[in-house]
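Fold the stuff below for me.
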Amino acid sequence: MKERINLQFKQGQPPQLVALARSEKLRIAPSMVWFVIDTGSPMTFFSQAETKILKIPLEGRREKEVIQFGGFNFKSIETEDFNIYMLIDKNNFNITHKMDAIKVTRMSEDARIKAESLPSIMGMDFLKKHNLSLHIYPAEELACLQRED
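Numbers count the residues shown, from 1 in each chain. Predicted coordinates:
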């Protein structure tokens, strides 16, 4: 049976997923996170703003690479496994995924404020690892992630 996870979708905007993120190891209680589904991104990560809201500790963590996102350079920092809870037909669907966080590199205060307005991204690594496909129906303004059971 195919499971469908409905996404927020409006013309002119990318599909978005509202989910709860939780990490036992980091002692982060379930918190609402908005992810933009970005099939052009090879990786999934929490935005700098979400990293602050969730209070994800970044000190002493491994820096993976510098990535460009929204016209800015960010350091990609490895965190821990997070449980990502999504809603499927009024039932919770839980996926565990090792998440990265991003942290802005040096820049002006004005640029830093703009960079912090960028969203969290759910990229191709997440979709591939969890056998999810993206379906978009623009005429009906509908989008969903789908997975074979």
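
which residues does residue 15 contact?
By Cβ atoms under 8 Å, 6 or more residues apart in numbering, the contact set of residue 15 is 7-9, 36-37, 134, 136, 143. In this view, the C-beta of every residue, glycine as well, is placed from N, C-alpha and C.

Now stretch 63-83: buried residues?
If you call a residue buried by 16 or more other Cβ atoms under 10 Å, then stretch 63-83 has these buried ones: 67, 69, 72, 74-77, 79, 82-83.

Mind picking the two most distant members of these?
Of all pairs drawn from the buried residues of stretch 63-83, the one with the largest separation by Cβ to Cβ is 72 and 83; the distance is 28.7 Å.

Need phi/psi at residue 138.
Backbone torsions of residue 138, given as degrees, to the nearest 10, read phi -60, psi -40.

show me what contacts it?
For residue 138, the contacting residues are residue 11, by Cβ under 8 Å, 6+ apart.

repeat that with 6 Å
For residue 138, the set of contacting residues under the criterion of Cβ atoms under 6 Å, 6 or more residues apart in numbering is empty.

Ok, residue 35 next?
Per Cβ under 6 Å, 6+ apart, neighbours of residue 35: 17, 120, 122.

what's the pLDDT at the second one?
Among the per-residue scores, residue 120 shows a pLDDT of 94.

My guess is it contacts residue 47. True?
Yes: under the contact definition of Cβ atoms under 6 Å, residue 120 touches residue 47, with a separation of 4.5 Å.

contacts for the helix or strand containing residue 81?
Per DSSP states H and E: residue 81 is located in strand 72-88. By Cβ under 6 Å, 6+ apart, the list of residues contacting strand 72-88 from outside reads 3, 5, 19-23, 25-26, 56, 58, 61-67, 92-105, 115.
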